[in-house]
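Enquirer: Sequence plus predicted model, see below.
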Amino acid sequence: MVAFAFCAAAIVAIFSFYSAEREAQRALLVEWRTQIEQRGRYESQRFLRAEALTDRFTRRFLDSYTDPNVFPSPDFEAYYQHMLDGTVRLRSKYYSGYRDRNGLTHSGVSGFVARNRPELTPELKRRLVITYQTVAEFGPAASGEFMNVHASLPENALIINWPGQPWGLDADSDLDMTALSVIGATLPSQNPQRKPIWTGLYFDATASKWAITFQRPVDWKGRHLINPSVDVGLTELIGDVVDDRPDGIYDLILSHDGKLIAHPAGLDDRNKKAGQISVEQFGNPAVTSIYRQLANAEQRADGVGRVTYAPELDAYVASVGLEGPKWWLVTVYPKSVVQARALRSAGLALVLIAALFGAFILTVVLVLRASVSKPIRQMTEASHRLADGDYTAVANGSVPIPTKRNDEIGMLARSFQFMAGQVDSIMNRLEHLVTERTIELELANQQLAERSLRDGLTGAFNRRAFDQDLEKALDAVEKNGVTVSLALFDVDFFKAYNDHYGHVAGDKALERIVACIGDSLPGAKVYRYGGEEIAAIIPCRAGREAAEKVRQAVRDVEGLAIAHAESAFGRLTASAGAMLLDDASRSRSEVLERVDQALYAAKEAGRNRSVWSEK
């Protein structure tokens with residue numbers, strides 16, 4: 001009987017312990033999957049914004065190039081200079097800085113046309129001038145997020161906006177960029193499908209940054225004209241991977257074609273080759289196993305996190321696909337980490353269960369010489385109920401045990417019932433604790449999602465929120481006939497303000513301007529669209545009402561009377577473009593293009609005003 005009781009006690013203890021451990025493990029794996037998904041979404045957004053930038057660049061370039069009224073006969077020599085070494089380079093003032101006739105300062109752009117080039121025909125000269133104008137327009141706005149914005153030409157030329165790096169002025173005269181793998185991959189002979197390209201990862205020694213380049217070949221009527229390109233710096237992402245982490249947890253990045261992008265060990269002497277090292281060449285069995293598992297599962301950049309157990313590694317592998325260059329971001333958690341955390345959660349229950357059944361066994365030994373057949377059967381039944389996890393039935397007396405006896409059997413039964421109540425309470429608290437942690441995780445995720453929709457400086461909604469809300473607004477207009485207007489504001493001469501007063505003053509001024517626009521547009525949703533650009537989605541009854549609100553917002557910005565010595569107005573002002581979203585409105589890109597054109601028209605008309613886009 002002692003052996004039977006001991007076995008029953010052991011079974012109950014083991015069952016209860018492993019139930020608690022499995023629940024703790026499940027909650028931990030859910031937490032890791034959420035973490036990898038959040039990291040994947042954050043990193044993917046940078047790549048997608050780079051692709052979107054080259055798409056806008058392409059449309060703007062083609063609009064200018066195909067319009068015969070844009071630079072019909074440009075003064076090529078005003079932009080480019082023939083050098084003694086046989087090259088043609090963008091004049092140095094376009095890098096060091098100059099003021100145009102509107103008082104705007106332009107800088108940071110350099111350009112290079114190699115000595116081994118075709119003839120400078122009138123068409124090529126016009127294309128080089130239009131390329132500079134487009135790079136100068138798009139580069140400054142993207143300089144805060146990307147390393148640089150540039151455009152290469154198949155005629156062995158490159159124009160680049162890269163403040164602090166005069167690449168076009170320093171490039172070697174014999175450089176043949178079309179012979180290199182990056183630009184060569186855009187040529188029709190190597191890219192007949194004319195697909196956009198993400199290069200492999202490389203270490204830029206000039207900027208001391210890890211980077212990857214996105215380039216989009218642009219053809220017109222069967223002719224290769226230009227490759228709008230963006231260099232995306234990835235030092236922070238790579239740094240996160242190579243940093244040491246506790247408990248043997250580590251990250252790595254793999255490409256779909258079997259390249260090791262980053263690993264916490266073994267890349268120190270291979271900086272210039274990183275991104276080009278194959279998994280097989282790296283020679284790490286764990287990395288090879290992880291890559292094969294991901295490739296066999298055919299996981300792609302869908303943004304869905306996955307956590308799977310890899311028996312050959314004795315570890316859990318959390319992975320998520322990154323959009324853009326099509327990489328996998330992977331975190332490896334040794335199984336010992338899972339077990340250690342689960343054991344800590346289930347340890348208290350194990351101690352109480354051990355104490356309960358230790359007392360039970362001791363009492364049974366003391367009363368074996370008495371008449372205990374029926375009480376022992378009752379206690380055995382109660383033990384079976386405990387083994388099934390029915391602690392409540394034993395604790396509240398639903399399972400009959402001899403608690404009213406005044407001998408050792410009664411004392412055993414009462415102790416048994418009390419211990420069952422304690423275990424029941426502990427298990428309930430453990431379940432409640434798991435529920436609380438799950439709720440806390442959900443609330444934290446909700447707060448993170450809310451913060452991800454806000455701009456950290458101004459408190460306005462950010463570009464991600466704007467993209468979501470604009471799609472909803474267009475859908476509401478089409479399906480429900482809702483009347484909504486869209487406005488895009490740009491702070492005039494803001495770069496000159498930052499250069500003169502400093503970025504701290506610029507940040508404070510931008511906060512005040514965003515708040516002012518929000519106050520001037522009651523009921524509207526205000527977004528920081530990018531840099532000094534502010535967008536607003538305005539509910540309205542008619543376009544005239546919205547147009548007047550936008551004009552008033554422009555006047556209110558000037559009314560802030562923020563001094564600006566570098567502006568013709570003597571104070572900070574804003575220009576705006578706006579339009580009514582109605583049934584005639586089409587896609588999101590077309591709407592943004594029309595509003596952007598209206599904003600451009602406001603700037604061309606002298607700034608500090610708004611222009612309403614009519615159909």
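Expert: Arrived safely. These figures come from a predicted structure and were not determined experimentally. Residues are numbered from 1 along each chain as shown.
Enquirer: Give me the helix or strand of the protein that scores worst on average pLDDT.
Expert: Sorting the helices and strands of the chain by mean pLDDT, DSSP states H and E puts helix 335-367 at the bottom, at a mean of 65.
Enquirer: next one: the helix or strand that it is followed by to chain centre, how far?
Expert: Downstream of helix 335-367, the first helix or strand assigned by DSSP states H and E is helix 373-387. Taking Cα atoms, centre = their mean, to the nearest Å, the mean C-alpha location of helix 373-387 is offset from the chain mean by 58 Å.
Enquirer: same thing with stretch 564-574?
Expert: For stretch 564-574 - counting by Cα atoms, centre = their mean - the centre lies 36 Å from the chain centre.
Enquirer: and that stretch, how far apart are its ends?
Expert: For stretch 564-574, the first-to-last residue distance is 12 Å (Cα to Cα, to the nearest Å).
Enquirer: for stretch 101-110, same thing?
Expert: In stretch 101-110, first residue to last residue: 21 Å (Cα to Cα).
Enquirer: If you count neighbours, what's buried in stretch 381-393?
Expert: 382-383, 385-387, 390-392 (16 or more other Cβ atoms under 10 Å). To be clear about C-beta, it is placed using only N, CA and C from the backbone, and glycine gets the same treatment.
Enquirer: got the CA coordinates for it in CSV?
Expert: This file holds the C-alpha atoms of stretch 381-393, laid out as CSV (Å, rounded to 0.1, in the frame of the first residue of the first chain):
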residue,chain,number,x,y,z
GLU,A,381,-9.7,7.7,-4.8
ALA,A,382,-8.9,11.2,-3.8
SER,A,383,-5.3,10.7,-5.0
HIS,A,384,-6.7,9.6,-8.4
ARG,A,385,-8.8,12.7,-8.5
LEU,A,386,-5.7,14.8,-7.8
ALA,A,387,-3.9,13.0,-10.5
ASP,A,388,-6.6,14.1,-12.9
GLY,A,389,-6.1,17.7,-11.7
ASP,A,390,-9.4,17.8,-9.8
TYR,A,391,-8.0,19.6,-6.8
THR,A,392,-11.2,21.5,-6.1
ALA,A,393,-13.3,18.4,-5.6
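Enquirer: mind listing the strands for the stretch 1-150 of the chain?
Expert: For the stretch 1-150 of the chain, strands defined by DSSP state E, counting those that start in this stretch occupy the ranges 80-82, 88-90, 98-99, 105-106, 109-113, 148-153.
Enquirer: Give the partner strands of the second one in its sheet and their orientations.
Expert: If I follow you right, that is strand 88-90. As defined by DSSP bridges, the strand partners of strand 88-90 come to strand 80-82 (antiparallel), strand 109-113 (antiparallel).
Enquirer: I'd like the strands of the stretch 1-150 of the chain as a markdown table, with mean pLDDT and distance to Val514 appended.
Expert: Shown next, in a markdown table, are the strands of the stretch 1-150 of the chain (pLDDT from 0 to 100; distance: least, Cβ to Cβ, whole Å):
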| stretch | mean pLDDT | distance to Val514 |
| --- | --- | --- |
| strand 80-82 | 97 | 40 |
| strand 88-90 | 97 | 35 |
| strand 98-99 | 92 | 27 |
| strand 105-106 | 90 | 23 |
| strand 109-113 | 97 | 29 |
| strand 148-153 | 96 | 25 |
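Enquirer: for those strands, which one sits closest to Asp499?
Expert: Closest approach to Asp499 among the strands of the stretch 1-150 of the chain is made by strand 105-106 (7.3 Å; Cβ to Cβ).
Enquirer: And that closest one, how far out from the chain middle?
Expert: Worked out by Cα atoms, centre = their mean, strand 105-106 lies 32 Å from the chain centre.
Enquirer: Repeat that for stretch 482-489.
Expert: Between the centre of stretch 482-489 and the centre of its chain there are 27 Å (Cα atoms, centre = their mean).
Enquirer: again, but for stretch 598-615
Expert: Relative to its chain's centre, stretch 598-615 lies at 33 Å (Cα atoms, centre = their mean).
Enquirer: ditto for stretch 512-532
Expert: Computed by Cα atoms, centre = their mean, the separation of stretch 512-532 from the middle of its chain amounts to 24 Å.
Enquirer: follow-up on the earlier one: and His500, which of the strands of the stretch 1-150 of the chain is closest to it?
Expert: Proximity to His500 (Cβ to Cβ) singles out strand 105-106 among the strands of the stretch 1-150 of the chain, at 10.1 Å.
Enquirer: and the end-to-end length of stretch 105-124?
Expert: Counting by Cα to Cα, you get 27 Å between the two ends of stretch 105-124.
Enquirer: Please tell me how far the closest residue in space to Arg22 that isn't next to it in sequence sits from Ser143.
Expert: Leaving out its chain neighbours, the residue that sits closest to Arg22 by Cβ to Cβ, 6 or more residues apart in numbering is Ala342, at 7.8 Å. Per Cβ to Cβ, to the nearest Å, Ala342 is found 48 Å from Ser143.
Enquirer: Lys603 now?
Expert: Computed as Cβ to Cβ, the Lys603 to Ser143 distance reads 19 Å.
Enquirer: Over to Glu137?
Expert: Counting by Cβ to Cβ, the gap from Glu137 to Ser143 is 12 Å.
Enquirer: next one: Thr213
Expert: When distance is defined by Cβ to Cβ, Thr213 is 16 Å away from Ser143.
Enquirer: Those two: who's more crowded?
Expert: Between Thr213 and Ser143, counted using other Cβ atoms under 10 Å, Thr213 has the larger neighbour count: 24 against 17.
Enquirer: Where does the more buried one sit: helix, strand or coil?
Expert: Classification of Thr213 by DSSP: H, G, I helix; E, B strand; the rest coil places it in strand.
Enquirer: Same check on Arg551?
Expert: helix.
Enquirer: can I assume it is in contact with Ser610?
Expert: Yes - at 5.1 Å, Arg551 and Ser610 qualify as touching, with contact defined as Cβ atoms under 8 Å.
Enquirer: Averaged pLDDT, the helix or strand containing Ser289. What do you get?
Expert: If you go by DSSP H and E, Ser289 is part of helix 285-297. Regarding helix 285-297, the rounded mean pLDDT is 87.
Enquirer: what distance separates that helix from the centre of its chain?
Expert: Counting by Cα atoms, centre = their mean, helix 285-297 is centred 24 Å from the centre of its parent chain.
Enquirer: Can you name the residues in contact with the next helix or strand after that helix?
Expert: Going down the chain from helix 285-297, the next helix or strand is strand 306-310, by DSSP H and E. By Cβ atoms under 8 Å, 6 or more residues apart in numbering, the list of residues contacting strand 306-310 from outside reads 29, 32-33, 36, 289-290, 293, 297, 299, 315-320, 335.
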